[in-house]
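Colleague: the sequence isn't on hand, but the structure is:
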């Protein structure tokens, strides 16, 4: 009797579980259907937009290039930030040119150079790529610089980014992402990518241990924070990690460095797609800068079709710079930077 009573109690529970799973499945299907409807609506709206902009004498691709190039520039505080970052980029270029170093525009900065010959109107930061050995040389070159400062900025997740800033401000910056060479071929490329991603995870975990005593110093909201006391340890840990990978740091392929952390690595590229950088190939805010030889392939890999209207049109990094921005903008205006 006890067993029968137990089964009677158990069966309603199973029935409720089945009902719950059925309802969860129905909700997931409804969400998928809604997403599909939104995608269809976006496609229709974009088609109508480009149709309204089209001139009979133009190809569709020329219409898109013309419209993006002629979009109004940012105004107000956002434009002031862009101008301050643009001036910073010009100074970095001079330092690199004077010392036979090179960097390439990347990510949204590269996209802005291609489509707008400057900032994407709603963008608020600058991204560049350098080989790690060149980026490390900047730390020595800028020690005595009167204008620029450089530092490693950490997050609690263990990843970090090299930032170039004005010496007298704390908000306006350029992000430097690092590249490394890697020895591989088509037969082992996928496997070696997996091994380097696992190494990047180990590197971040080791950096987190070094960061733990400094967690109280972190800024809120995941803002990257300058913590110089662990820089030496972070660099030592990187050297230890790559010693485990005999194929890393040399060869005829290129990847984003393990030094960047797991989340900022996208893949392995043939060296001919990346090097040597095309010298002064694209204009950005009135100055010419280096880019990947296959810079359009790089953009397609990162963003897909770059000639579409983005789903989100808003600054992404203002949360990093709001605290103290008014003070820094006023200071840069007084010094004639903007």
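Modeller: Cool, got the structure. Small disclaimer: the values here were computed from a predicted structure and weren't measured. Residues are numbered from 1 along each chain as shown.
Colleague: number of residues surrounding residue 336?
Modeller: 7 (other C-beta atoms under 10 Å). For every residue, glycine as well, the C-beta is placed using N, CA and C.
Colleague: and residue 140, by the same measure?
Modeller: That count, for residue 140 with other C-beta under 10 Å as the rule, works out to 10.
Colleague: surely it is within a helix?
Modeller: Yes: under DSSP: H, G, I helix; E, B strand; the rest coil, residue 140 sits within a helix.
Colleague: any idea how far it is from residue 124?
Modeller: 30 Å (C-beta to C-beta, to the nearest Å).
Colleague: go on, residue 74?
Modeller: 8 Å.
Colleague: for the closest residue to residue 234 other than its chain neighbours, give me its contacts.
Modeller: Here the nearest residue to residue 234 in space, its sequence neighbours aside, is residue 207; by C-beta to C-beta, 6 or more residues apart in numbering that works out to 5.5 Å. Residues near residue 207 by C-beta atoms under 8 Å, 6 or more residues apart in numbering: 154, 158, 159, 160, 230, 233, 234, 237.
Colleague: where does residue 269 sit: helix, strand or coil?
Modeller: Under the three-state scheme (three-state DSSP), residue 269 adopts strand.
Colleague: the one 3 residues further on now?
Modeller: The three-state assignment at residue 272 reads helix, by three-state DSSP.
Colleague: hmm, residue 293 and it touching each other?
Modeller: Yes: counting by C-beta atoms under 8 Å, residue 272 touches residue 293, with 6.8 Å between them.
Colleague: who has more neighbours, those two?
Modeller: residue 293 (18 against 12).
Colleague: do you know how far that one is from residue 36?
Modeller: 38 Å.
Colleague: one more: residue 126?
Modeller: 36 Å.
Colleague: who has more neighbours out of these two?
Modeller: residue 126 (26 against 10).
Colleague: how about the more buried one, phi and psi?
Modeller: phi -120, psi 130 (degrees, to the nearest 10).
Colleague: helices of the stretch 201-338 of the chain, start to end?
Modeller: In the stretch 201-338 of the chain, the helices defined using DSSP state H, counting those that start in this stretch lie at 231-243, 271-274, 295-303, 318-321, 325-334.
Colleague: next, format the ones you listed as JSON lines and append mean pLDDT and distance to residue 283.
Modeller: Formatted as JSON lines, the helices of the stretch 201-338 of the chain follow (pLDDT from 0 to 100; distance: least, C-beta to C-beta, whole Å):
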{"stretch": "helix 231-243", "mean pLDDT": "94", "distance to residue 283": "35"}
{"stretch": "helix 271-274", "mean pLDDT": "88", "distance to residue 283": "21"}
{"stretch": "helix 295-303", "mean pLDDT": "92", "distance to residue 283": "13"}
{"stretch": "helix 318-321", "mean pLDDT": "66", "distance to residue 283": "25"}
{"stretch": "helix 325-334", "mean pLDDT": "88", "distance to residue 283": "23"}
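Colleague: how about a markdown table for the ones you listed, with distance to residue 112 added?
Modeller: Shown next, in a markdown table, are those (distance: least, C-beta to C-beta, whole Å):
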| stretch | distance to residue 112 |
| --- | --- |
| helix 231-243 | 31 |
| helix 271-274 | 20 |
| helix 295-303 | 11 |
| helix 318-321 | 17 |
| helix 325-334 | 21 |
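Colleague: in the host helix or strand of residue 137, which residues are buried?
Modeller: In the assignment (DSSP states H and E), residue 137 maps to helix 132-141. Buried residues in helix 132-141, counted by 16 or more other C-beta atoms under 10 Å: 132, 134, 135, 137, 138.
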